[in-house]
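Participant: sequence below, structure please.
(chains A and B, ligands or ions: 2)
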Amino acid sequence: MEIFVCLKLVPNTQDTEVRIDSSKRDILKVRLSYTINEADDYALEAALQLKEKVGGQITVITVGEAQADEMLRMALAKGADQAIRLSDEVFTNFRYDPLTIAYLLAKAISQYKYDLILTGAIASDDGYSAVGPALAGFLKIPSAAYVTYLELIDNQRLKVSRELEGGLLENKELALPCVLSIQTGINKPRYASILGIKRASSKPLTVLNAGQLNVNQKDLKMFIDLVEMYYPEIVSKAQIISGNEEEISEKLALIIKEKVGL
Amino acid sequence: MILVVIEHQHGALKDINFELLTLAHKLARSRNEEVATVILGSNPVSFIDAVTSFVNKIFVIEDSNLENFNNYLYINYLSKLITEQKPNLILIGHTGQGIDFAPYLASSLNLPIITDIFDAEFSDDKILARRTMYGGKLNAKVLTSAIPAILTVRQGSFEKNLSPITSQAHVERLTLTVDSCELEKSKFLGYTEAPSTGIDITKADVIVAVGRGIKEEKNLALVEEFAQEIGGTLACTRPIIDAGWLPKDRQVGSSGKTVKPKLYIALGISGAFQHISGMKSSELIIAVNKDPEAPIFSVAHYGVVADLFKVLPALAAKIKELKKR
Ligand SMILES: Cc1cc2nc3c(=O)[nH]c(=O)nc-3n(C[C@H](O)[C@H](O)[C@H](O)COP(=O)(O)OP(=O)(O)OC[C@H]3O[C@@H](n4cnc5c(N)ncnc54)[C@H](O)[C@@H]3O)c2cc1C
Ligand SMILES: Nc1ncnc2c1ncn2[C@@H]1O[C@H](COP(=O)(O)O)[C@@H](O)[C@H]1O
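Facilitator: Numbers count the residues shown, from 1 in each chain, chains lettered A, B, ... in the order given. Ligands and ions are numbered 1, 2, ... in the order given. Below is the predicted model:
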């Protein structure tokens, strides 16, 4: 089975302040660390488990700069077989356009044989949830978004569950090849082993530019672009309770007591 | 023409349809556009009645395979409809259904798409939309290169009660067909309800909810103890479920439960939209988070900017003391 997994490198912003830079079109990145997008880690694990079951080959692929190589190497260390990075100066203009990213991924993947393509359900930075299904549209193959369960029926069909509101699952059967966007929680992503990390350094990591993808500058269409970022209006109605722990807990305890009794 | 794609599940319309129509009305007024809707279903009569006074035109695509949502069928049918009718804007809910076909439709028709928007306007012959980034920490204005374009709209962004614009819309039934061989490629099998362990957090008066700020599974004991002390039920965000630390029926949010307790205490929860949408109607919300800019503070009534591991033990002791008095 030939499996492709689309990985995106994203800044760690959960526990830190996020500041807009002077261009207003990006965030200040100086003090941020970078990591594989959370959902993509689950997508990679799903691919690794499938490969363990039925054999085959896993290719991890990203559109990004050299900074992403470490993420790709980590995926190779976990058991992916080869890595591809799509990188060209012109691509960076399209970083906010999920359709162009999907188009580039489709261009690259269609140069190979593929049975299954996995993406994450959502990228933690832009949060479009669009690249996976859009990629399927460019390749004209079936797709399912927000997948929380997958099982191979035979080498041509797949059973999946996808998540809807309230945790309701939609179960369906898809023909291969297809694209699945994988939701967090579908499995338990593994850590790379020391041996895996050693092996990864000898696995191929190919960088492809526009020319090698047969992408002409003119073929690239800007579907959407980010105009500017801005801070959400402080709609905060929260009354901030300050003081030392003792004072804070005193006040909180009284609020709780008044509201629900004790 | 502004085209709204109607969403239904288990034979019922969702609120999102009316929210989409509110946005459609607003946009239509600004540019003198018609408002149309498309209903894909096996028995669309009641859906037609429900929306008929809010639109100028209703396209109906009836197919026995459309009783339940099927992204492949939606994509096939909607591609044909959009190519024929050429709407300037297509509005779709940013829901589990919507996201399963909207981006696909965009790439296969080569149309710009902006997903998960909470506001939009026409800007010359383009669409300018607003959406959040970085889990709600920032907002962004995003512009399409042209129209027609597709937008998926965040739930709860627009009013669902709206005024009629006509007495009865013009209904156009379309007879389109889809190759049965294509149908085999993407088959609906059925729905499964989320598993339950018997705890119903929607019935709790007091909820103590934890997020990723709890760091490790073993720290849950601390929170559980506190919850017991104040007679609260333990609930959590999705990452806690994903890690397997608590069962699925404890999850609050769009893909979990919607709760409205008297008191909701959020500990180490950032306040992503998908979480907030499940708890924002709680009577009283107290949030403890060490990040002063965490979006949770935009829905909380009382906020504490501090390390939960310092606040919680002190608070638990204080509660014990109060109870003894
Ligand atoms: C389709 C879809 C559906 C989803 N459905 C849901 C859903 O139903 N429910 C849900 O919750 N999520 C849902 N999510 C996920 C959601 O987008 C967020 O990722 C999630 O809510 C974040 O959970 P969190 O706040 O626990 O974690 P994080 O966002 O990582 O936040 C952790 C917070 O803890 C704080 N913190 C860390 N350490 C401490 C400390 N010592 N003291 C105090 N504070 C601390 C940090 O400042 C941070 O704000 C869904 C996502 C998608 C794409
Ligand atoms: N630059 C990229 N390179 C590779 N994959 C990507 C890229 N951007 C998005 N993806 C994939 O698409 C998923 C959804 O991203 P998004 O549509 O931006 O929310 C991510 O989880 C990735 O799997």
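Participant: how many residues are close by residue 187?
Facilitator: Unless you meant another one, I'm taking chain A. A:Asn187 has 19 neighbours, counted by other C-beta atoms under 10 Å in any protein chain shown. Quick note: C-beta positions are derived from backbone N, CA and C, even for glycine.
Participant: hm, I was asking about chain B
Facilitator: The number of residues near B:Lys187, taken as other C-beta under 10 Å, comes to 17.
Participant: remind me which helix or strand it belongs to.
Facilitator: Following DSSP states H and E, one finds B:Lys187 within strand B:186-192.
Participant: name the residues of that strand that are buried.
Facilitator: B:186-188 (16 or more other C-beta atoms under 10 Å in any protein chain shown).
Participant: list the pairing partners of whatever helix or strand comes next after that strand within its sheet, with orientation.
Facilitator: As assigned by DSSP H and E, the chain's next helix or strand after strand B:186-192 is strand B:206-210. Its sheet considered, strand B:206-210 pairs with strand B:233-236 (parallel), strand B:263-267 (parallel) by DSSP bridges.
Participant: check whether the very next helix or strand once past the last one contacts ligand 1.
Facilitator: Next along the chain after strand B:263-267, taking DSSP H and E as the criterion, comes helix B:273-276. Yes: applying C-beta under 6 Å from any ligand atom, one finds helix B:273-276 touching ligand 1 at B:274-275.
Participant: can you name every helix or strand that the strand holding B:Lys187 contacts?
Facilitator: When contacts are defined as 3 or more C-beta pairs under 8 Å, 6 or more residues apart in numbering or on different chains; DSSP states H and E, strand B:186-192 packs onto strand A:169-175, helix B:71-85.
Participant: right, and those - which one's nearest ligand 2?
Facilitator: helix B:71-85 (15.9 Å; C-beta to the nearest ligand atom).
Participant: the closest one: which residues count as buried?
Facilitator: Result for helix B:71-85 [16+ other C-beta under 10 Å]: buried residues B:71-79, B:81-82.
Participant: nearest residue to the closest residue to ligand 2 within the stretch 151-300 of chain B in space, please, no chain neighbours.
Facilitator: The minimum distance from the stretch 151-300 of chain B to ligand 2, using C-beta to the nearest ligand atom, falls at B:Thr152 (11.3 Å). Excluding its sequence neighbours, the residue lying closest to B:Thr152 (C-beta to C-beta, 6 or more residues apart in numbering or on different chains) is B:His94, at 3.9 Å.
Participant: ditto for B:Val223
Facilitator: Using C-beta to C-beta, 6+ apart, the nearest residue to B:Val223 is B:Val210, at 5.2 Å.
Participant: wait, doesn't the one you found sit right on B:Cys236?
Facilitator: Yes: the pair B:Val210 and B:Cys236 passes the contact test of C-beta atoms under 8 Å, sitting 5.1 Å apart.
Participant: hey, where'd the helices end up in chain A?
Facilitator: Under the criterion DSSP state H, helices of chain A are mapped to A:38-54, A:69-78, A:98-109, A:131-139, A:194-200, A:245-260.
Participant: burial of A:Ala83, as a residue count?
Facilitator: A:Ala83 has 26 nearby residues by other C-beta under 10 Å.
Participant: before we move on, the earlier item: and the buried residues of helix B:71-85 as CSV, adding pLDDT and distance to ligand 2?
Facilitator: Listed next are those as CSV, based on pLDDT from 0 to 100; distance: C-beta to the nearest ligand atom, whole Å:
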residue, pLDDT, distance to ligand 2
B:Asn71, 96, 16
B:Tyr72, 94, 20
B:Leu73, 94, 23
B:Tyr74, 96, 19
B:Ile75, 96, 17
B:Asn76, 95, 22
B:Tyr77, 96, 24
B:Leu78, 97, 20
B:Ser79, 97, 21
B:Leu81, 97, 25
B:Ile82, 98, 21
